[in-house]
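Enquirer: Dropping a prediction and its sequence here:
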Amino acid sequence: MQQVEVQSLQRFHPDYFLQRFTSESLSFQPGQFVMVKPSGLFDPFLPRAYSILRVRRESNRKGGHMVEIFYKLMGKGSRALSRLKPGDRVDLLGPLGNGYHVPPSLTTALLVAGGIGVPPVVALAEMLARSQFTLRGSQQGKTNRRSSDKGRRKVVAFVGGKTSDDVLCLTDLRKARAKVHVATEDGSVGHRGLVVDLLEAHLKTQTSRQGLIIYACGPHAMLHAVAQIADRFQIPCQVSLEASMACGFGACMGCVIPVKQSVKEQLAARQSTISYKLCCKDGPAFDAREIAW
Amino acid sequence: MQQVEVQSLQRFHPDYFLQRFTSESLSFQPGQFVMVKPSGLFDPFLPRAYSILRVRRESNRKGGHMVEIFYKLMGKGSRALSRLKPGDRVDLLGPLGNGYHVPPSLTTALLVAGGIGVPPVVALAEMLARSQFTLRGSQQGKTNRRSSDKGRRKVVAFVGGKTSDDVLCLTDLRKARAKVHVATEDGSVGHRGLVVDLLEAHLKTQTSRQGLIIYACGPHAMLHAVAQIADRFQIPCQVSLEASMACGFGACMGCVIPVKQSVKEQLAARQSTISYKLCCKDGPAFDAREIAW
Amino acid sequence: MGVEIAGIPLKNPVMTASGTFGYGDEFSSFFDLNALGAIIVKTVTMHPRPGNAPPRIAETPGGMLNSIGLQNVGIDLFLKQKLPFLRTLTTPLLVNIAGKSVEEFADLAKRLSDAEGVAGIEVNISCPNVAGGLDFGTDPRLTYEVVRSVRQATPLPVIPKLSPNVTDVTVIARAAADAGADALSLINTIVGMVIDLDSRRPKLPGATGGLSGPAIRPVAVRMVWEVAQVVKTPIIGIGGIMTGNDAVEFLLAGATAVQVGTANFLDPLAPMKVLAGIESYLTLHRFAAVTQLVGAAIPSETRSKSNVHSPRPKAK
Amino acid sequence: MGVEIAGIPLKNPVMTASGTFGYGDEFSSFFDLNALGAIIVKTVTMHPRPGNAPPRIAETPGGMLNSIGLQNVGIDLFLKQKLPFLRTLTTPLLVNIAGKSVEEFADLAKRLSDAEGVAGIEVNISCPNVAGGLDFGTDPRLTYEVVRSVRQATPLPVIPKLSPNVTDVTVIARAAADAGADALSLINTIVGMVIDLDSRRPKLPGATGGLSGPAIRPVAVRMVWEVAQVVKTPIIGIGGIMTGNDAVEFLLAGATAVQVGTANFLDPLAPMKVLAGIESYLTLHRFAAVTQLVGAAIPSETRSKSNVHSPRPKAK
Ligand SMILES: Cc1cc2nc3c(=O)[nH]c(=O)nc-3n(C[C@H](O)[C@H](O)[C@H](O)COP(=O)(O)OP(=O)(O)OC[C@H]3O[C@@H](n4cnc5c(N)ncnc54)[C@H](O)[C@@H]3O)c2cc1C
Ligand SMILES: Cc1cc2nc3c(=O)[nH]c(=O)nc-3n(C[C@H](O)[C@H](O)[C@H](O)COP(=O)(O)OP(=O)(O)OC[C@H]3O[C@@H](n4cnc5c(N)ncnc54)[C@H](O)[C@@H]3O)c2cc1C
Ligand SMILES: Cc1cc2nc3c(=O)[nH]c(=O)nc-3n(C[C@H](O)[C@H](O)[C@H](O)COP(=O)(O)O)c2cc1C
Ligand SMILES: Cc1cc2nc3c(=O)[nH]c(=O)nc-3n(C[C@H](O)[C@H](O)[C@H](O)COP(=O)(O)O)c2cc1C
Ligand code: FES
Ligand code: FES
């Protein structure tokens, strides 16, 4: 755990916050998270998990790095954070967990974000925009590179929310050269309906599924729907899940996610057929097929 | 209880703080106090009592008044306050309790302050400096007015501390036209020794004791010594006491001060001869003769 | 917002907890006491008690220890000096009593039955801060005896206040219900201790004190929940209530009314804020009556209690 | 900083509490595990347990509820997969066990006695999160039986872990001591509950959970204090220790060593900070040895216990 300082706080209408913390140097995979808590508070008592949106290496007066998180005002934890002023101290632990897996075979990332699920997906888009696309020899034959020889993967983002206020970070995604599709439940911007409908419609228009991977984050019900679509279209799908966490690094066993058991496990377990993985350590990014939705 | 904002915080070497809160209009007697706690904190859980140093009527951007307290960094409560920044919210209840009693017969106030006991004594000096000295008819004959016809009482202050760092608010006292005598335990400034020695020496030089009242605040042992001196010289003495408080307004019965029982009370109490008064409601200023030291 | 508890109709379910509200007078300058559901005063004993030596208060994370030792003026002076003011209010008054023996409890109850303006009796069998104070409330037989004798001594509603310092609170609750309790108050404070690191001695002269405040709320909610499933007697939930939401938790767990204790010290307006908070919750979640919340968190299979209770004779 | 507990010499009095430190491996990236006084691992049961359904964690003021349900890999896999790493450390390892019956406790103890690298056995008779988990620790006769049978099954030091959910913890402590306990760990979590105001159902699927963290510290300190005055068995103090000062409070109350639990979640370096804090206290107050603090808050009249204990056979 490091004690860091709030560097800035920016509010987005109505209840979203972008918060920056000064930090030691920190490199992360998109989908990884930090545990954050205002130092010294006992109520809220536990730290909260926030996806790392990005780490800036810009030097500021303190030198070093800045970790950015993006969150929605929900309850005690987020409220306590949103009340901090620059210079206030925060306990920060991370980066934690396993982020999204980007195999060399990826050619097109289909990002699906619902509401405040957007940060890890933006982080992935930005990482993909930065990194060159180099194919390993062994996989070269199998991959059908549709994007030009620029060495970049294609990124298509589907972003949904209740209203236009809840479709977030579109500029960031576009800056990262993602093609962005938007859906809102009230139709105030983009498609009127659910973001999964957009995904499904998009997939129907695709002739080849090779090199496609879905990366999703958002409400549990949305992720479940995405997983079903991925299953139907036979496309690999990684979902970033949430659970109530106390520690964030595998110590409390509080953050379990029910997963499907392998046959071997079912034989081994004499007492039960339930099986859990830890969201914080085995995830938060999981292969969607693993989850016992 | 009102929720107020920190207006400013000033640190005095090494561990003393002058803190101002914006507040509703508030008039107080010297010796009265406020219960203060940073809003929303659960550790420290209870508010802390601080003597009101002064209330300024200067208008600032919020309009209204400013309450000033002066405190020493001790434990959780004072640390939490000292970490606040302007604009931070504080729960403030007061003015509470009974301050020093200033009878019309008072001609010379002998203020005795030890260490962080100085705030109520400064408040009294400033109040006496502001207020005109008008004798009620009935008492005029009895009073031997030694100060000139300017209509002011004489104020003599005895201020003590461990080192020169711990003799506080001398400028404020002098501004309030008090004659100030200083004692430090290490002799780094003023008399080397205890402040009570100064008081005693001063009293020995006084030919008349009429109109003299001692007002004291400081460590318990110092107050006890002051009370004994007052007793010896037969001078009325008011001491401002401390106790562990939960509420500050008479509800918890936590802040009891053992007092001497009247004969009537001793007869009434069938089970015990101990008697308590509430520091917060019956005090914090008490007639020194009342206290069961 | 009306509820009925122990046969006493209340304007709303928010009461003040014994020992945290003095005799009401301290608070009358802060708000109109008639806005409260009920007032419960500091425990009254047969003889005046000076209480324990100071310090009596120690702070803990999210709570406090107290060791007041039932300081009070005694029943005679209470009736003479304190009751007249309380009688002027329209808010029902519950008088909390503690005796040194089964007989003393009954005698206190009798004295109060003859007084005007007492709506009910809360029977403190759970004060941890006096020698023997806990004995009645930690033994089901003694609980039964005390409650039975108070029950027989008075026509007023009888509300035993239970101790959380027990292995199984439902056993005590059953004993109290069997003895004829009209309602049950729970919980009193949990025995705790703080040691001063400078003196290396317990902060409180009697070593231990009673822990109250938000720190104990989860324990209190659990006990209300447990008791609500084994007795039909209405419950008054107490323990760490700071906000309306906290109070709603107790109602959902099975309490018909609540008491605000330690919160009064941090903010004398706490009971009014708790009341307003419950009202907001009802509005937000579209409940027509506060009684709809009572026990709503208990699965219907195990919900044995009804919050409508056979009315008892009213206070005169 | 050395202490001896249950005949096991420790570099220092700071251990990790069962269930809050995994099997140690999670923490090895944060600090050198050899700096700890002892390591206590998550409760091991005879068969693997999947644990309870999520959510398993609920926050409370100054604390948390957990309902993990003793999720663990079972004794076989523990010995095969987890012990080899822990054996590489110089820090003594205490294995915490829970059985479903007196016999199962004894069998688990036997299995561990044959394993290499186990310094002692902590006997969990106080887990509130499994059906029947509390029964052994809330009944003095069952406590005696379990401890006796574990005592007879193993030459290793036996350390029962007591429950705070009892009317009188000294009764249970005496039973455990009489049955041959080499030390006593106290306390485990207090049963509590949080209700979700949106779903209006308990936050945890099993309704109740175990309350831990600073909120319970005053209760834990009080129980250590009470037990220290009635048994000579050394005590390991547990409950809400966040800082060195908190640990010192337990030592002064009569504990010979302490365990850091929930604090590990907020800061994986917590045990190291607690250790450093105890050292600072010793320096500041000029104590030569940490053992000088043990029970120092207990008046000498009532200080029945000596912190020097007849040594037991060591771990192999
Ligand atoms: C790996 C991970 C990454 C996360 N990343 C982000 C992020 O980038 N931005 C962001 O805004 N939030 C993120 N969250 C959620 C965040 O940790 C908090 O849960 C959220 O901020 C609400 O906390 P709170 O204290 O404000 O509300 P609370 O007072 O804790 O709760 C408010 C409401 O939300 C519910 N709730 C709380 N926590 C969860 C949870 N984990 N899952 C489902 N419901 C819950 C509560 O039951 C309650 O109804 C992430 C969570 C995880 C596990
Ligand atoms: C009526 C009244 C007026 C006061 N006015 C002032 C003031 O103007 N300026 C100021 O600095 N302080 C004042 N105090 C003291 C103040 O309320 C706090 O006690 C002090 O700031 C220490 O609190 P803390 O939280 O920092 O320390 P804590 O963590 O509470 O305690 C630090 C140490 O001080 C001891 N301590 C705490 N409170 C008291 C107490 N009331 N009496 C004796 N010892 C105690 C503790 O036992 C501990 O050893 C006043 C107290 C009262 C009752
Ligand atoms: C300072 C103080 C004094 C108390 N005195 C009494 C009392 O005299 N009689 C009683 O039955 N309960 C007494 N209690 C217990 C409270 O009524 C209440 O049961 C307990 O504090 C838990 O509620 P809370 O957490 O809201 O304070 C007292 C509590 C405190 C904090
Ligand atoms: C998440 C969690 C899991 C726990 N698991 C166990 C366990 O498996 N066995 C056990 O004996 N105690 C277990 N405990 C209890 C702790 O070891 C400790 O006794 C208790 O939490 C009090 O200490 P603390 O306040 O420092 O956490 C657990 C506690 C927590 C918070
Ligand atoms: S949050 Fe503690 S194990 Fe995952
Ligand atoms: S501080 Fe509560 S009665 Fe004085």
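Expert: Received the coordinates, thanks. Numbering: from 1, shown residues only, chains lettered A, B, ... in the order given. Ligands and ions are numbered 1, 2, ... in the order given.

Enquirer: check contacts around A:D88.
Expert: A:E5, A:V6, A:P38, A:S39, B:K85 (Cβ atoms under 8 Å, 6 or more residues apart in numbering or on different chains). Every residue, glycine included, has its C-beta placed from N, CA and C.

Enquirer: Next, format those residues as JSON lines and append pLDDT.
Expert: Shown next, in JSON lines, are the contacts of A:D88 (pLDDT from 0 to 100):
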{"residue": "A:E5", "pLDDT": "93"}
{"residue": "A:V6", "pLDDT": "94"}
{"residue": "A:P38", "pLDDT": "94"}
{"residue": "A:S39", "pLDDT": "91"}
{"residue": "B:K85", "pLDDT": "90"}
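
Enquirer: The spatially closest residue to C:S67 that is not a sequence neighbour: neighbour count?
Expert: In space, not counting the residues next to it along the chain, C:S67 is nearest to C:G209; the distance is 4.0 Å by Cβ to Cβ, 6 or more residues apart in numbering or on different chains. The tally of other residues near C:G209 (other Cβ atoms under 10 Å in any protein chain shown) stands at 32.

Enquirer: Look up how far ligand 2 lies from C:G209.
Expert: 14 Å (Cβ to the nearest ligand atom, to the nearest Å).

Enquirer: Distance check, that residue against ligand 4.
Expert: Distance from C:G209 to ligand 4, by Cβ to the nearest ligand atom: 20 Å.

Enquirer: secondary structure class for that residue?
Expert: strand (DSSP: H, G, I helix; E, B strand; the rest coil).

Enquirer: In strands only, show me the contacts of A:D88.
Expert: Among those, the residues falling in strands (DSSP state E) are A:E5, A:V6, A:P38.

Enquirer: Same list (those) but as a markdown table, adding neighbour count and distance to B:R130.
Expert: Listed next are those as a markdown table, based on neighbours: other Cβ atoms under 10 Å in any protein chain shown; distance: Cβ to Cβ, whole Å:
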| residue | neighbour count | distance to B:R130 |
| --- | --- | --- |
| A:E5 | 17 | 44 |
| A:V6 | 18 | 43 |
| A:P38 | 17 | 43 |
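
Enquirer: Which neighbouring elements make contact with the helix or strand where A:I213 lies?
Expert: Taking DSSP states H and E as the definition, A:I213 sits inside strand A:212-217. Strand A:212-217 sits against strand A:108-114, helix A:118-130, helix A:220-233, strand A:237-240, with contacts defined as 3 or more Cβ pairs under 8 Å, 6 or more residues apart in numbering or on different chains; DSSP states H and E.

Enquirer: and it with helix A:220-233, angle?
Expert: 170 degrees (axes from the mean of the first three to the mean of the last three Cα atoms, to 10 degrees).

Enquirer: Which neighbours in the sheet does strand A:212-217 have, and how are they oriented?
Expert: strand A:108-114 (parallel), strand A:237-240 (parallel) (DSSP bridges).

Enquirer: Redo these as TSV? Include mean pLDDT.
Expert: Shown next, in TSV, are the strands paired with strand A:212-217 (pLDDT from 0 to 100):
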stretch	mean pLDDT
strand A:108-114	96
strand A:237-240	98
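
Enquirer: Find the closest residue to chain B in the stretch 151-293 of chain A.
Expert: Closest residue of the stretch 151-293 of chain A to chain B, Cβ to the nearest Cβ: A:A246 (17.8 Å).

Enquirer: list the contacts for that residue?
Expert: Per Cβ under 8 Å, 6+ apart, neighbours of A:A246: A:L46, A:C252, A:G254, A:C255, D:I57, D:M64, D:N66, D:T262, D:F265.

Enquirer: go on, C:I97?
Expert: C:T43, C:V44, C:T45, C:F105, C:L108, C:A109, C:L112, C:I121, C:E122, C:V123, C:N124, C:V150.

Enquirer: any idea how far the strand holding A:I213 is from the chain center?
Expert: Mean C-alpha position of strand A:212-217 versus that of the full chain (Cα atoms, centre = their mean, to the nearest Å) differs by 10 Å.

Enquirer: Below-threshold pLDDT in chain C: ranges please.
Expert: Applying pLDDT under 70 to chain C picks out residues C:131-134, C:302-316.

Enquirer: Which residues of it lie near ligand 3?
Expert: Proximity of chain C to ligand 3 (Cβ under 6 Å from any ligand atom) is limited to residues C:17-20, C:42-43, C:66, C:68, C:70, C:96, C:124, C:127, C:161, C:188-189, C:212-213, C:216, C:238-241, C:260-263.

Enquirer: secondary structure element for C:L65?
Expert: Using DSSP H and E, C:L65 sits within strand C:63-66.

Enquirer: Partner strands of that strand and their direction?
Expert: strand C:57-60 (antiparallel), strand C:208-212 (antiparallel).

Enquirer: highest average neighbour count across the ones you listed?
Expert: With neighbours defined as mean count of other Cβ atoms under 10 Å in any protein chain shown, these peak in mean count at strand C:208-212, which reaches a mean of 29.

Enquirer: Could you verify my assumption that A:F249 touches A:P95?
Expert: No - A:F249 is beyond contact range of A:P95, at 10.6 Å (criterion: Cβ atoms under 8 Å).

Enquirer: more crowded one of the two?
Expert: Neighbour totals were compared for A:F249 and A:P95, and A:F249 leads with 22 against 17 (other Cβ under 10 Å).

Enquirer: Doesn't that one lie inside a helix?
Expert: No - counting by three-state DSSP, A:F249 is not part of a helix but coil.

Enquirer: So what's the residue count around A:P14?
Expert: A:P14, neighbours per other Cβ under 10 Å, totals 10.

Enquirer: so it sits right up against A:T163, yeah?
Expert: No - counting by Cβ under 8 Å, A:P14 sits too far from A:T163 to count as a contact (9.5 Å).

Enquirer: can you name the two of the contacts of A:A246 that are farthest apart?
Expert: The distance between the two most remote of those (Cβ to Cβ) is 15.1 Å, for A:C255 and D:T262.

Enquirer: Just the helices from the stretch 201-316 of chain C, written as ranges.
Expert: C:217-228, C:244-253, C:263-266, C:270-284 (DSSP state H, counting those that start in this stretch).

Enquirer: So for ligand 4, which of those sits nearest?
Expert: Proximity to ligand 4 (Cβ to the nearest ligand atom) singles out helix C:217-228 among the helices of the stretch 201-316 of chain C, at 12.9 Å.

Enquirer: Now do stretch A:27-42: distance to the chain's middle.
Expert: With Cα atoms, centre = their mean, you get 14 Å for stretch A:27-42.

Enquirer: Can you measure across that stretch, start residue to end residue?
Expert: End-to-end distance for stretch A:27-42, by Cα to Cα, to the nearest Å: 30 Å.

Enquirer: Equivalent analysis for stretch C:190-200, please.
Expert: Taking Cα to Cα, stretch C:190-200 runs 23 Å from one end to the other.

Enquirer: wait, does that stretch contact chain D?
Expert: Yes - Stretch C:190-200 is in contact with chain D by Cβ under 8 Å from any Cβ of the partner chain, via C:I190, C:V191, C:G192, C:M193, C:V194, C:I195, C:L197, C:R200.

Enquirer: List just the nearest of these to ligand 6.
Expert: C:V194 (17.5 Å).

Enquirer: Enumerate every residue touching A:V34.
Expert: A:V34 makes contacts with A:A49, A:Y50, A:I52, A:V67, A:I69, A:L92, A:L93, A:G94, A:P95, A:L96, as judged by Cβ under 8 Å, 6+ apart.

Enquirer: Tell me if the fourth one really is in a helix.
Expert: Same thing as A:V67. No - counting by three-state DSSP, A:V67 is located in no helix; its state is strand.

Enquirer: quick one: it and A:L93 touch, right?
Expert: No - when contacts are counted by Cβ under 8 Å, A:V67 is not listed as touching A:L93 (11.2 Å).

Enquirer: of all of chain A, which residue lies closest to ligand 4?
Expert: Closest point on chain A to ligand 4, by Cβ to the nearest ligand atom, is A:C252, at 4.4 Å.
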